[in-house]
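> Sequence first, predicted coordinates after that:
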Number of protein chains: 4
Amino acid sequence: MIIVLKPQATSEHADQLIQQIAALGLRPLHMPGSERVVIGALGDERVLEQLHLDGHPMVESVKPILAPYKLVAREMHPADTVVSLGGVDVGGERIAVIAGPCAVESREQLRLTARAVVDAGAQAIRGGAFKPRTSPYSFQGLGHEGLEILKAVSEELGVPTLTEVVDVADVELVDRYADGFQAGARNMQNFRLLQALGQSRKPVVLKRGMAARIDDLLLAAEYILAEGNPHVILCERGIQTFETATRNTLDLSAVPAIKARSHLPVLVDPSHGTGVREYVAPMSKAAIACGADGLLIEVHHDPRTALSDGKQSLFPDQFAALMQELVGFAHAAGRTL
Amino acid sequence: MIIVLKPQATSEHADQLIQQIAALGLRPLHMPGSERVVIGALGDERVLEQLHLDGHPMVESVKPILAPYKLVAREMHPADTVVSLGGVDVGGERIAVIAGPCAVESREQLRLTARAVVDAGAQAIRGGAFKPRTSPYSFQGLGHEGLEILKAVSEELGVPTLTEVVDVADVELVDRYADGFQAGARNMQNFRLLQALGQSRKPVVLKRGMAARIDDLLLAAEYILAEGNPHVILCERGIQTFETATRNTLDLSAVPAIKARSHLPVLVDPSHGTGVREYVAPMSKAAIACGADGLLIEVHHDPRTALSDGKQSLFPDQFAALMQELVGFAHAAGRTL
Amino acid sequence: MIIVLKPQATSEHADQLIQQIAALGLRPLHMPGSERVVIGALGDERVLEQLHLDGHPMVESVKPILAPYKLVAREMHPADTVVSLGGVDVGGERIAVIAGPCAVESREQLRLTARAVVDAGAQAIRGGAFKPRTSPYSFQGLGHEGLEILKAVSEELGVPTLTEVVDVADVELVDRYADGFQAGARNMQNFRLLQALGQSRKPVVLKRGMAARIDDLLLAAEYILAEGNPHVILCERGIQTFETATRNTLDLSAVPAIKARSHLPVLVDPSHGTGVREYVAPMSKAAIACGADGLLIEVHHDPRTALSDGKQSLFPDQFAALMQELVGFAHAAGRTL
Amino acid sequence: MIIVLKPQATSEHADQLIQQIAALGLRPLHMPGSERVVIGALGDERVLEQLHLDGHPMVESVKPILAPYKLVAREMHPADTVVSLGGVDVGGERIAVIAGPCAVESREQLRLTARAVVDAGAQAIRGGAFKPRTSPYSFQGLGHEGLEILKAVSEELGVPTLTEVVDVADVELVDRYADGFQAGARNMQNFRLLQALGQSRKPVVLKRGMAARIDDLLLAAEYILAEGNPHVILCERGIQTFETATRNTLDLSAVPAIKARSHLPVLVDPSHGTGVREYVAPMSKAAIACGADGLLIEVHHDPRTALSDGKQSLFPDQFAALMQELVGFAHAAGRTL
């Protein structure tokens, strides 16, 4: 850690800080410059956090050298992690495609949609029973009934399922019905929920928050791993920017940036990432091209009647065409589909 | 609501949509232009949401005319709402100042800090027992013990308290110890928590999320009011932007923008809004100048030892000086302090 | 255009506005709702701009129906435009790759770098003679001498060149030496420069500004076409967001979003878009996968000695390897390389 | 400067870098940690820039210790600078208010508006003759004729003027007619224009770009001072964010953040900063409260007919009322108006 003192700091201030650093068992280094005094501290920076140096009135800035996360870091775990979602590997050679409606609306709707996406090659189905909606007047999901439908259709088709959990109180319930948890963008820093998911052993798809830097996402994942659940899949789904042509700005450079920092697998959600049906196919191809391990795509058997996110949901035949087109990109990326 | 059809839409598409609108009891209006067909729908737009027109493949865009919220809207409730936080009015003539440490760290720490801020003129004290922290390795708060300390100091000094709640499971517990709930920026769209707070009758300070538009904040507040709790205080605390000289970008224009749209009182938190001790005083003054109803300020009896947010916490004498300086600005704004 | 009046507007206000619209030759439509009066105006919205309705105190909002640009719009010109950069087609079946150093530093440097990129398959070379630099103390380019070097190397290798122009006064000079102009991100709204480039007949690569919405970019291009130069190539190069893991956030969804709105070809610059050497290859592949017509890539014969942007410049062997890898993605996209 | 090496860097890499630093006359410091080797370099960091260390493949990151600007820095020049705009001091005890229309539209329009704002207490008038407009189809200003009108009205009323210059070619012309130059947000990084303004001796109001960090703004100002013109006034006018309730997000915390870093005076433009007439008054008050040295406000004698920015222009009586209300805030801030 590099501690830059303010111009008005005296050598007494510097000495005092150096002693505090040494007292923690770290090796302090004094670098008296012509315009600033700089103090270096070598060793575990997480120990140094106890000194709360950034609250000190004579400290101008504190620059960490190491990343603030440990368990998710590639540095500690160089090989790629593969997470199994009910038997579907995410992070291996094969691109994982998880598709389905935004929300479970009825048994008929889920069955029609799920059959279509599985026939087209999707390996797992998604569908929300608990929907976090911006407005209290919008459809909020079928809840428990939605989970039952999800499980029934999953068993009928023999494919695993992924569904969102929005509250600690539902973790156990969702655990009984689904093969994987989704922690949504709005809950990326619901740390209590992350801790509860960390106590499960089922895989968790953790979506990047709309205002989250990549380091924030990795620290959120660290919460889950720190509780003992290593089965975490990260998901880029767009960040909040000034652009209005798309619902969010899909930050695909997050894929190589995460891969450089972490061993965890990465999905891309081009449906929320763009919010526009027509852009889902090109961004799915781009996601695979830049190294994503899989896709999370919204499909509805009839988007004109969808109770949520119809604007960004693919028609079944659009999804089937996309799956065909993806093959070439997967091969170019050295993967299979 | 204004529905713009795509250039390739036929008159059959338009007729079909017009019939759907009429079937919902709204009055449709056909505006066939030279380049686009536009359909207007007069009446309650929230009914129209059931048609999910934005999922229709022939619809280019849907432009609502009315705001999506109702209970929080000034249009429905022109007079300013005054919310009582344990006897301290927020939204009336007097500027409300709520101050205290980021986190309750010990009885001694809270007592020293609280006494200092109350002596300087703060009307209520703040202090977190449950802390949502970006890193799992940071101090997470004292929990139940922190609440006990908060209540004891509150009774000792005879001032009300505000504290954060981060999970539905804690709502009842916090309710027993504090005079007001704070729903933090990271939980602004934790809709389950908002609903639980809507079932309480204690005031809720709802902080704007870092990626939340003003309309998103008002819809989040609508969740609380829709459950029956009208005692909501909004709080601007900075949004996520590219600027790095401050921790967040404090969006003070949100104050008049909220006041134009809603009758609810508005606080400003210049501590999180800037993240820099030296900027807290100028931004506190600016907040009062542009119409805020109060301030939420972090003070620590010794920021050099603070377990969190020391960098943005005021020293007690800085807070006392600020309270003196604020008087003139409050008067200029036609308020008292 | 849809004009929504404020709640307090009277029917006199509405009548007056309707008459003004009719007087301009447009067809007004009165839509008196229960909560708002809405006025529609059918016809050329650009005529309606003369009324400056958004300055009217009784107007709540003005919602245009048509896009504000005309010449760049796909609606007016459905087929893709192909622009020739000194004989290299941009926007056709073949992916165009333009590569070279950030800045021309010396004849030796440009020759070494240019030979390497041309050998690897680049079709044109880039290199700045006039460099817009954030700091006045950074290297500002070789100016006229840089243009001479560029032309000499171009002739030696038989490939066309692209170089940045930063001021109206240099347009004529640059025109004599280069095959195409680049208008940089910082000059995207230097309208005087755009007009001057519109009077040339050489192709212009127009880079998206760091705070520019896609519609702003298209309006900037409209400036060039409106002056008579149809040879415009758009370039996505990253926007300014809160993310700090990359220099900018490369908005690849801009590629399909531009293609939906405009007939102009689109390049992607993954070097500035990410600012990190290691992310240039994955984002180049992603750019081709989502439909970009070409790439603008920074390569330096020895990035360790580069006078600018060394951090994001590829080594020659990295570029050569990338060109090999791109072939499969170009084929999957139905293109050649 | 702190140079962090990648984990795979060897001691040979470190030694080589240390020698390069020493060869430049700086003092290198070797800090071999358990997980990273860190190298410090003490002395003028601007010299170190020549090494272009961030392009080195074994360098993980480069962290500067000193600010990249010199002439604008408060550290080099602790006292506040006062700039005279045609006799009106900006940066002294008195708050400077510069008001007038967005664009000069006619002699009648400017005379009516200017008289109103001067009668209300404005000390200087503003008005654009060259207008940078997003669309080529919008009113672009009267050009030379607009400058003549501006000068005539200025002489008639005996007040100085401020007007925008958008191109190097116009600097001399504008210099003949106006008392101060405005470099607009879209030209903040038009470095050629900044250099030309640096060769003038008239004051320059430099507006912050919509994607510019505070450090970028200060570096842009450094361009002007480095050419020999010390008469620079900075202006906060809003940055580009995701919020749509306002045209831009006015970043008032930039005022104390600039004051901490620089000795230059700071204006605030609440008209462009919000884009909404009703928010101009509250944000003007807030600007003074947080330490701004003055205001730049758009007023039009009849905003309903304004050829540009009517939505954000005050009516003359609104401006007069605001000037009255500002007095109390100026006094509270220890200033006069």
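Done, it's in. Numbering: from 1, shown residues only, chains lettered A, B, ... in the order given.

> so where do the helices sit in chain A?
A:11-23, A:45-48, A:107-120, A:144-157, A:171-177, A:191-198, A:214-226, A:254-261, A:270-274, A:277-289, A:316-332 (DSSP state H).

> Pull out the buried positions in the fourth one.
Just to be clear, that refers to helix A:144-157. By 16 or more other CB atoms under 10 Å in any protein chain shown, the buried positions in helix A:144-157 come out as A:146-147, A:149-151, A:153-154, A:157. C-beta here means a position set from N, CA and C on the backbone, and glycine is covered the same way.

> What of the longest one?
Counting neighbours by 16+ other CB under 10 Å, one finds that the buried residues in helix A:316-332 are A:316, A:318-320, A:322-323, A:325-326, A:328-332.

> List just the nearest of those residues to residue B:64.
Within these, the smallest distance to residue B:64 is 27.1 Å, found for residue A:318 (CB to CB).

> From what I see, that closest one and residue A:277 are in contact.
Yes - using CB atoms under 8 Å, residue A:318 makes contact with residue A:277 at a distance of 7.4 Å.

> and the helices of chain A, which is most packed in?
helix A:270-274 (a mean of 28; mean count of other CB atoms under 10 Å in any protein chain shown).

> Does anything pack onto that one? Which helices or strands?
On a contact count with 3 or more CB pairs under 8 Å, 6 or more residues apart in numbering or on different chains; DSSP states H and E, helix A:270-274 meets helix A:277-289, strand A:294-298.

> Mind listing the strands the shortest one pairs with, and their directions?
Yep, that's strand A:294-298 we're talking about. strand A:96-100 (parallel), strand A:266-268 (parallel) (DSSP bridges).

> got the end-to-end distance for stretch A:173-183?
Terminal residues of stretch A:173-183 are spaced 15 Å apart (CA to CA, to the nearest Å).

> Identify all contacting residues around that stretch.
With CB atoms under 8 Å, 6 or more residues apart in numbering or on different chains as the contact definition, stretch A:173-183 has outside contacts at A:85-86, A:124, A:126, A:129-130, A:144, A:147-148, A:150-151, A:154, A:160-165, A:171, A:190, A:193-194, A:197, A:200, A:202-207, A:233.

> mind listing what residue A:219 touches?
By CB under 8 Å, 6+ apart, the neighbours of residue A:219 are A:68-69, B:134-136.

> one step back: what would the helices and strands packed on helix A:270-274 look like in JSON lines with mean pLDDT?
Shown next, in JSON lines, are those (pLDDT from 0 to 100):
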{"stretch": "helix A:277-289", "mean pLDDT": "98"}
{"stretch": "strand A:294-298", "mean pLDDT": "98"}
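
> Which among those is found nearest to residue C:258?
Closest to residue C:258 of the helices and strands packed on helix A:270-274 is helix A:277-289 (CB to CB; 10.9 Å).

> which helices and strands does that closest one pack with?
With contacts taken as 3+ CB pairs under 8 Å, 6+ apart, helix A:277-289 sits against strand A:266-268, helix A:270-274, strand A:294-298, helix A:316-332, helix C:254-261, helix C:277-289.

> between the third one and helix A:107-120, how many degrees?
I take that to be strand A:294-298. For strand A:294-298 against helix A:107-120, the angle by axes from the mean of the first three to the mean of the last three CA atoms, to 10 degrees is 140 degrees.

> any idea how far strand A:294-298 is from the chain center?
Counting by CA atoms, centre = their mean, to the nearest Å, strand A:294-298 is centred 13 Å from the centre of its parent chain.

> Show residues contacting it.
So strand A:294-298 is contacted by A:90, A:95-102, A:122, A:126, A:162, A:205, A:235, A:237, A:265, A:267-272, A:280, A:284, A:287-288, A:309, A:312-314, A:319, A:322 (CB under 8 Å, 6+ apart).

> Also compute the angle for it relative to helix A:277-289, please.
Using the same axes, to 10 degrees: strand A:294-298 against helix A:277-289 is 170 degrees.

> what's the nearest residue to the residue in the stretch 1-150 of chain A positioned nearest to chain C if we skip its chain neighbours?
Per CB to the nearest CB, residue A:67 is where the stretch 1-150 of chain A lies closest to chain C, at 10.9 Å. Distance criterion CB to CB, 6 or more residues apart in numbering or on different chains; nearest residue to residue A:67, sequence neighbours excluded, is residue A:73 at 5.8 Å.

> try residue A:225
residue A:71 (4.0 Å).

> how deep is that neighbour tucked in, by neighbour count?
19 (other CB atoms under 10 Å in any protein chain shown).

> Is it in contact with residue A:223, as I believe?
No - with contact defined as CB under 8 Å, residue A:71 does not reach residue A:223; the gap is 9.8 Å.

> Check whether the lowest-mean-pLDDT helix or strand in chain A comes into contact with chain D.
Between all helices and strands in chain A, the lowest mean by mean pLDDT, DSSP states H and E belongs to helix A:45-48, at a mean of 77. No - for a cut-off given as CB under 8 Å from any CB of the partner chain, helix A:45-48 has no contacts with chain D; the smallest distance is 9.4 Å.

> Tell me which residues are up against that helix.
A:1, A:21, A:24-26, A:41, A:64-66, A:68, A:70, B:137.

> And that helix, how far out from the chain middle?
26 Å.

> which pair in the buried residues of helix A:316-332 spans the largest distance?
A:316 and A:332 (25.9 Å).

> coming back round to it: scan the contacts of residue A:219 and report the most crowded one.
With neighbours taken as other CB under 10 Å, the top of those is residue A:69, carrying 25 neighbours.

> May I have the phi/psi pair for it?
phi -110, psi 160 (degrees, to the nearest 10).
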